[in-house]
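>>> my questions concern the predicted model and sequence given below.
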Amino acid sequence: MKIKVCGMKHPHNIQELIEHNPDFVGFIFYAKSLRFVETQCIASLPETTKKIGVFVNETVEKILEIAKKYNLDGIQLHGKETPEDCKQIQEKGFLTIKAFNVENEQDFEQTKVYEGVVDFFLFDTKTSPLNPPQGDLKHGGTGVKFDWHILKHYNGNTPFFLSGGICEDDAKEIKNLNLPKLYAVDINSRFEIESGLKDIEKIKRFIKHLRN
């Protein structure tokens, strides 16, 4: 099971995290986000940890410019990007992840037109009047789970990242999900001391439990 830690922004926090060998680290390039990245911290990561840039409704040209500037390995798209947008990015050699907010099995229908033009989907919690977005949180980082049982109805060909309110105590349940297309978990707000600042000890324990 691969592990992605998203919303990193402080250099010292990132260096502490890297000691525990996450597979992916996510940097948010969305100015409205409380986790908008401090770009000086992006440069040096080990080759075993992939740098993922997270974007919301940005132009393909700007995404590719930033990806080249910071030597990103992958791009995660959290907005209304089209399949054509995704294909352009994927064809430039970037690992491409398209995020979808899901609530029920019907929500997987929206993924079908993205088959073949992204490497991974990411399933996150759909915000609603019952769990309203807080500022930028409508694009992720709500700390709220969706019903993971709906994932058994996903029958696409594209493997996916599981996101949305994952916490330290979820490791055992995630390991027992038995979903063939579940490739990685994406953790963020439930491991934070404050927005963008992660509790490394919590992450350390979670990684240990998930990988063992």
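Thanks, I have it.
>>> what's the closest non-adjacent residue to Tyr30?
Excluding the flanking residues, the one nearest Tyr30 by Cβ to Cβ, 6 or more residues apart in numbering is Val56, at 4.4 Å. The C-beta positions use only the backbone N, C-alpha and C, and glycine is treated the same way.
>>> and Ile45, what helix or strand is that in?
Just so we're on the same page, residue 45 is Leu rather than Ile. Assigned by DSSP states H and E, Leu45 belongs to no helix or strand.
>>> which residue sits closest to it, ignoring its sequence neighbours?
Once flanking residues are discounted, Leu45 sits nearest to Lys51: 5.7 Å by Cβ to Cβ, 6+ apart.
>>> neighbours of the one you found, how many?
By the criterion of other Cβ atoms under 10 Å, Lys51 has 19 neighbours.
>>> could you do Leu72 as well?
Leu72 has 21 neighbouring residues, counting by other Cβ under 10 Å.
>>> equivalent analysis for Ile18, please.
Close neighbours of Ile18, defined as other Cβ under 10 Å, add up to 17.
>>> longest helix in this protein, please.
Identified as the longest helix of the chain according to DSSP state H is helix 200-211.
>>> Thr39: what's it in contact with?
Thr39 makes contacts with Tyr70, as judged by Cβ atoms under 8 Å, 6 or more residues apart in numbering.
>>> for stretch 177-185, how far is the first residue from the last?
With Cα to Cα, to the nearest Å as the measure, stretch 177-185 spans 12 Å from end to end.
>>> what does that stretch rub up against?
Residues from elsewhere that reach stretch 177-185 (Cβ under 8 Å, 6+ apart): 1-4, 23-24, 120, 148, 151-152, 154, 156, 158-163, 166, 174, 210.
>>> of those residues, which belong to strands?
Within the contacts of stretch 177-185, residues falling in strands by DSSP state E are Lys2, Ile3, Lys4, Phe24, Phe120, Phe160, Phe161, Leu162.
>>> the last one: what's its closest spatial neighbour, skipping adjacent residues?
Right, the one you point to is Leu162. Nearest residue to Leu162, sequence neighbours excluded (Cβ to Cβ, 6+ apart): Val185, at 5.1 Å.
>>> the one you found: which element?
strand 182-187.
>>> pull the helix or strand with minimum mean pLDDT from this structure.
None of the helices or strands of the chain scores lower by mean pLDDT, DSSP states H and E than helix 11-18, at a mean of 93.
>>> mind listing what the closest residue in space to Val37 that isn't next to it in sequence touches?
Leaving aside its sequence neighbours, Val37 sits nearest to Phe27 (Cβ to Cβ, 6+ apart; 4.2 Å). For Phe27, the contact set (Cβ under 8 Å, 6+ apart) comprises Met8, Lys9, Val37, Ile42, Lys51, Ile52, Gly53, Val54, Tyr70, Leu72.
>>> pairing partners for the lengthiest strand in the chain, with directions?
Ranked by number of residues, the top strand in the chain under DSSP E is strand 95-102. When pairing is defined by DSSP bridges, strand 95-102 lines up against strand 74-77 (parallel), strand 120-125 (parallel).
>>> just those strands: most buried one?
strand 74-77 (a mean of 26; mean count of other Cβ atoms under 10 Å).
>>> for the helix or strand following that strand, packing partners?
Sequence-wise, the next helix or strand downstream of strand 74-77 (DSSP H and E) is helix 83-91. Packing partners of helix 83-91 (3 or more Cβ pairs under 8 Å, 6 or more residues apart in numbering; DSSP states H and E): helix 60-69, strand 74-77, strand 95-102.
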